[in-house]
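Undergrad: need coordinates for the below:
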Amino acid sequence: MKKGLFLYFFALHLLVGAHGNDEGGFAVRFGGFIKNDFFYDTRQVIAAREGHFLLWPARPLHDPDGRDVNDVPSLNFLSIQTRLNAAFTAPEVKGVRITGMVEGAFFGHSNPDINGFRLRHAYVRLQRNASEFLFGQFWNPLFFTAAFPDVVSFNTGVPFQPFSRNPQFRYTYAPGAISLVVAAVAQRDFANIGPQGGSSVYLRNAAAPDLHLQVHYALSEPGNPATLSTGAGIGRKKIVPELVTPQGYQTDAGVTGISFSGYARLNLPSLTIKTQYMLGQNANDLMMIGGYGVSRVRDQSRGIVEYAPTKTRQIWIEAHTNGEVVQTGVFIGMSENLGAVTDLLPGTSVTGLGTDIKTLFRVSPRILYNLGRARFALEGEYTRSGFGTVDTAQNSRGIPVDPQDVANLRILFAVYLFL
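TA: Numbering: from 1, shown residues only. Next up, the predicted model:
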């Protein structure tokens, strides 16, 4: 409690403290926003922080009379998305521009910690000529900052949009319109799911980071207000689910997943259009459906097995107007469970997130009204999930069989004040 109060008062001190240049050229700029969310769901949902971070509607659960106990609406008001940040600029040294950022929000680390102050970003950036080095916690490389959904909901398009912040080392080389990115990524708040639940221990025990390679292209012409940004990337990640088998023997069996994603963004004077496609393997650390299963028993007596990741594909598209006062937009997302890369053992299960979902669909129209630094936003978020049963005897790739659709409509009203 005392630690939380200290953080709150420290954040307030940052907001009202001095933020000009000193004689050495060091500068600090403070920012963030206050946000209040008011939302209504037509049924129970799978979400984080008291329903705030919405993933999908809850699977039907029938009582002895055959009634779906999850077919019940809910209502909540929260202000936990409120955010504070500080951007730092240090004196230039030998042609190297040095900057950094610290950002946090009151989202907490878990449901019991709701309202707790949580670190979002904390990084140092070094720039010289066409090269840039970034060290610290920042968006996962597959979260393309040039093109992500501008929805009102805090889920930012999840589970169709990759969403994760990770400790990392990233190098960008941008001599012109084309830029190249390489990154080595660890896990902290967003981690893969395994026998112990969500934890960074599986990636740590693989003794290798999540590796990424990307290329980006930006097209703009003098006198032409239209701009185009596009790019693609590939990531390789290996996790080790357990070090000891249930029989007590050491194992280093791992799950290696390859993920690919590409995006495009077109900016016109009055309209912006964005889209992203991703084919992911074991990408539940990015808040997407998927995981892994057992593909083969290598040693029956010792319980040593081999694993196979499941594949999912996601695509979303968004269009919104660019008005300074009134903006309208719509987001559409689709996701599909493609099953494991190889056959899984009959009678085994799939470990991961949303592994009983075969398909997902969402459409979210919105309207925003800006009043100076204040913003009022209204959004409808319709999400439909196709829930099935994972039965590797019926479907050897672990794709859920006999899916049935369940839908939820969230009505969200949000009020912002940008600091």
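Undergrad: check contacts around the nearest residue to Asp252 once chain neighbours are set aside.
TA: Of all residues not flanking Asp252 in the chain, Val240 sits nearest, at 6.0 Å (CB to CB, 6 or more residues apart in numbering). Just so you know, the C-beta spots here come from the backbone N, C-alpha and C atoms, and that holds for glycine as well. Residues in contact with Val240 (CB atoms under 8 Å, 6 or more residues apart in numbering) are Tyr202, Asn205, Ala206, Asp252, Ala253, Gly254, Val255.
Undergrad: run through the bridge partners of the last one.
TA: Think Val255. When bridges are called by DSSP bridges, Val255 pairs up with Ile239.
Undergrad: correct me, but it touches Ala283?
TA: No: Val255 lies out of contact with Ala283 (CB atoms under 8 Å); the separation is 11.5 Å.
Undergrad: downstream of the helix or strand bottoming out on mean pLDDT in the chain, the next helix or strand is which one?
TA: One helix or strand of the chain scores below all others by mean pLDDT, DSSP states H and E: helix 2-16, with a mean of 49. Going down the chain from helix 2-16, the next helix or strand is strand 27-41, by DSSP states H and E.
Undergrad: and that next one, which strands flank it?
TA: Strand 27-41 has these strand partners (DSSP bridges): strand 74-78 (antiparallel), strand 83-93 (antiparallel), strand 401-418 (antiparallel).
Undergrad: tell me the buried residues in it?
TA: Val28, Phe30, Gly32, Phe33, Lys35, Asp37, Phe39, Asp41 (16 or more other CB atoms under 10 Å).
Undergrad: what's around the residue lying closest to Phe33 once chain neighbours are set aside, how many residues?
TA: The shortest distance from Phe33 to any non-neighbouring residue, by CB to CB, 6+ apart, is to Phe418 (4.7 Å). When neighbours are counted by other CB atoms under 10 Å, Phe418 registers 14.
Undergrad: check contacts around Phe418.
TA: Per CB under 8 Å, 6+ apart, neighbours of Phe418: Gly31, Phe33, Arg373, Ala374, Arg375.
Undergrad: could you rerun that using 10 Å?
TA: Residues in contact with Phe418 (CB atoms under 10 Å, 6 or more residues apart in numbering) are Gly31, Gly32, Phe33, Ile34, Lys35, Arg83, Asn370, Gly372, Arg373, Ala374, Arg375.
Undergrad: ranges for the strands of the stretch 201-350 of the chain?
TA: In the stretch 201-350 of the chain, strands defined by DSSP state E, counting those that start in this stretch lie at 210-220, 227-239, 255-267, 271-281, 290-299, 304-321, 326-340, 350-353, listed in chain order.
Undergrad: the longest one to strand 227-239, inter-axis angle?
TA: Angular relation of strand 304-321 and strand 227-239 on a 0 to 180 degree scale: 160 degrees, by axes from the mean of the first three to the mean of the last three CA atoms, to 10 degrees.
Undergrad: what are the ranges of the strands in the stretch 51-200 of the chain?
TA: Counting by DSSP E, counting those that start in this stretch, the strands of the stretch 51-200 of the chain are 53-57, 74-78, 83-93, 96-105, 118-128, 131-139, 165-173, 178-185, 193-194, 197-198.
Undergrad: so what's Val415 bridging to?
TA: Per DSSP bridges, the residues bridged to Val415 are Asn36, Phe376.
Undergrad: hmm, it is touching Thr82, no?
TA: No: counting by CB atoms under 10 Å, Thr82 is not a contact partner of Val415; they are 11.2 Å apart.
Undergrad: now do the phi/psi pair for Thr389.
TA: Note on Thr389: its backbone torsions stand at phi -120, psi 130 [degrees, to the nearest 10].
Undergrad: any idea how far Ser74 is from it?
TA: Thr389 is 26 Å from Ser74, where distance means CB to CB, to the nearest Å.
Undergrad: ditto for Thr256
TA: Taking CB to CB, one finds Thr256 at 40 Å from Ser74.
Undergrad: now do Gly31
TA: 33 Å.
Undergrad: got it, and Asp402?
TA: As for Asp402, its distance to Ser74 is 28 Å (criterion: CB to CB).
Undergrad: the two: which has the busier surroundings?
TA: Neighbours per residue (other CB under 10 Å) separate Asp402 from Ser74, with Ser74 holding more: 16 against 11.
Undergrad: on the pLDDT front, check the more buried one for me.
TA: Ser74 carries a pLDDT score of 98 in this model.
Undergrad: now it. Nearest residue, chain neighbours left out?
TA: Ser74 sits nearest to Asp41 (CB to CB, 6+ apart), 5.0 Å away.
Undergrad: again with Glu324
TA: Nearest to Glu324 is Asn370, by CB to CB, 6+ apart, at 6.7 Å.
Undergrad: could I get the strands of the stretch 201-350 of the chain as CSV with mean pLDDT, mean neighbour count and distance to Arg118?
TA: Compiled in CSV, the strands of the stretch 201-350 of the chain are given as follows (pLDDT from 0 to 100; neighbours: other CB atoms under 10 Å; distance: least, CB to CB, whole Å):
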stretch, mean pLDDT, mean neighbour count, distance to Arg118
strand 210-220, 97, 17, 21
strand 227-239, 98, 20, 24
strand 255-267, 98, 20, 26
strand 271-281, 98, 20, 25
strand 290-299, 97, 21, 25
strand 304-321, 98, 21, 26
strand 326-340, 98, 20, 25
strand 350-353, 98, 23, 20
